[in-house]
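Visitor: 3D, please:
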Amino acid sequence: MTLAQTKRINAVEGDARIKSLIALIDTLTMLVAEENAELAKGLPASRLKQVDEKNRLAEVFERTVAECAAGQTSLHVRDRLLREQLMERILKLRVAMDENLARLRAAIEASNRRIEAVMQAIREQIAAVSPYGASGRVAARAVSSGTSRSA
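Guide: Purely as a prediction, here's the structure:
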């Protein structure tokens, strides 16, 4: 095999890797956008159906980026159009992930507020029926008493 043939094969393999990465980013972006839409409706983060698939794809993406950073994989793109597509997809993913992070934080805060409201209601209910006061001693109960003048 000649050097020119080897370069062509490497270029084709590199383009295939880039196209595969673009497809991965597109799928991940779509899942994040769906999750963002559900979070915008007020659904709790724990009830989202995209979480498992999003995490799986994010792991694949992170592993690919780590391999590139470590020099194990090369993503040299000779085709300018393909390079621009990759950069565009990465920017779209970044925007979607930034929105996702903000929405997840808001969902967590809302969940914490709901939990605190439930806990406060439980505390109030316990305090209303508990025979003990704040000091741990038996609390004196207020007793209503009246006098009757007619006897």
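Visitor: What's the biggest helix in the protein, counting residues?
Guide: The longest helix of the chain (DSSP state H) is helix 80-129.
Visitor: So which elements touch it?
Guide: Under the contact criterion of 3 or more CB pairs under 8 Å, 6 or more residues apart in numbering; DSSP states H and E, helix 80-129 touches helix 3-40. Any C-beta I mention is one placed from the backbone N, CA and C, and that applies to glycine too.
Visitor: The same query, at a cut-off of 10 Å, please.
Guide: With contacts defined as 3 or more CB pairs under 10 Å, 6 or more residues apart in numbering; DSSP states H and E, helix 80-129 has these neighbours: helix 3-40, helix 51-69.
Visitor: Grab the most central residue of the protein for me.
Guide: Taking CA atoms, centre = their mean, the centroid of the chain lies closest to Leu104, which sits 5.3 Å from it.
Visitor: hang on, isn't that residue packed against Ala40?
Guide: No. Using CB atoms under 10 Å, Leu104 is not in contact with Ala40; the gap is 11.6 Å.
Visitor: Now Ala58. Nearest residue, chain neighbours left out?
Guide: The shortest distance from Ala58 to any non-neighbouring residue, by CB to CB, 6 or more residues apart in numbering, is to Leu28 (6.5 Å).
Visitor: same check, this time on Gln85
Guide: Excluding the flanking residues, the one nearest Gln85 by CB to CB, 6+ apart is Ile22, at 5.9 Å.
Visitor: what about the one you found, neighbour count?
Guide: 16 (other CB atoms under 10 Å).
Visitor: contacting residues around it?
Guide: Leu82, Gln85, Leu86, Glu88, Arg89, Ile90 (CB atoms under 10 Å, 6 or more residues apart in numbering).
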